[in-house]
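J.: Everything below, folded, please.
(one chain, ligands or ions: 2)
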Amino acid sequence: MLTQPSFSLPTIYSSSYSLHKQRYAMPTTVHGHCLCRETLISVDNIEDYQDHRACHCADCKRTCGGAFSTSVIVPKRHIHYTGPIKEFTYLSRVPNGRVVTRVFCGTCGSCVAFRSPVFRDMEAVFTGLIPYFSTVPIKIEIWTKDRWNCISQFTDASQHKIVEGYSLPKF
Ligand SMILES: [Zn+2]
Ligand SMILES: [Zn+2]
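T.: Ligands and ions are numbered 1, 2, ... in the order given. Below you'll find the predicted structure:
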């Protein structure tokens, strides 16, 4: 009868390996797709983008077809799309009337991302397409003045009536 050889790394190797991981951890890329799977999205260096936010604004309700949207703001260079992407640019109803571009799958209509000049070189990626975000807590809520009465606030999430008081992540 064959027996499994027992094998374990000497402690010195395993501790130097965890030190190596701390110092040289490879950036993690996460992936997602739209409903029809023709649009694929990936986000690099995801460990840097943990400010998961919920937006209760009327535009997000319409774009996503739900009571609120969930997103993270990521530098454009770390976002990759392939597929039949379409864009819709409009003047949003926020007080300073900024121009917003909504990005969606041209085949099935899944909402993928949105852009605004106030985001500069960043873009907000809707997290519903990326399974990784199912375990990332919602930390920020914006446009809470438009939150539906039937929705309670997320535990420990900072609350902003419109968008005041929250600033873009700094990189
Ligand atoms: Zn699609
Ligand atoms: Zn919104």
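J.: Which residues of this structure lie near ligand 1?
T.: Taking Cβ under 5 Å from the ion as the measure of proximity, the chain contacts ligand 1 at Cys34, Cys36, Glu38, Thr39, Cys105, Thr107, Cys108. C-beta here means a position set from N, CA and C on the backbone, and glycine is covered the same way.
J.: The second one and Lys76, how far apart?
T.: In this structure, Cys36 lies at 24 Å from Lys76, with Cβ to Cβ, to the nearest Å as the measure.
J.: Same question for the fifth one.
T.: Remark: distance between Cys105 and Lys76 (Cβ to Cβ) = 18 Å.
J.: next one: the last one
T.: Taking Cβ to Cβ as the measure, Cys108 falls 23 Å from Lys76.
J.: Also the third one?
T.: From Glu38 across to Lys76, the span is 21 Å (Cβ to Cβ).
J.: Determine which member of the two has the greater number of neighbouring residues.
T.: Glu38 (16 against 13; other Cβ atoms under 10 Å).
J.: The more buried one is in contact with Phe104, isn't it?
T.: No: proximity of Glu38 to Phe104 does not meet the contact threshold set by Cβ atoms under 8 Å, at 11.7 Å.
J.: Common neighbours of the two, please.
T.: Jointly contacting Glu38 and Phe104 under the rule Cβ atoms under 8 Å, 6 or more residues apart in numbering is no residue at all.
J.: Just the strands from this protein, written as ranges.
T.: For the chain, the strands defined by DSSP state E occupy 30-33, 40-43, 52-55, 69-75, 79-82, 85-91, 99-105, 111-115, 122-126, 138-142, 158-159.
J.: closest to Lys61 out of these?
T.: Comparison of the strands of the chain against Lys61 by Cβ to Cβ identifies strand 69-75 as nearest, at 7.8 Å.
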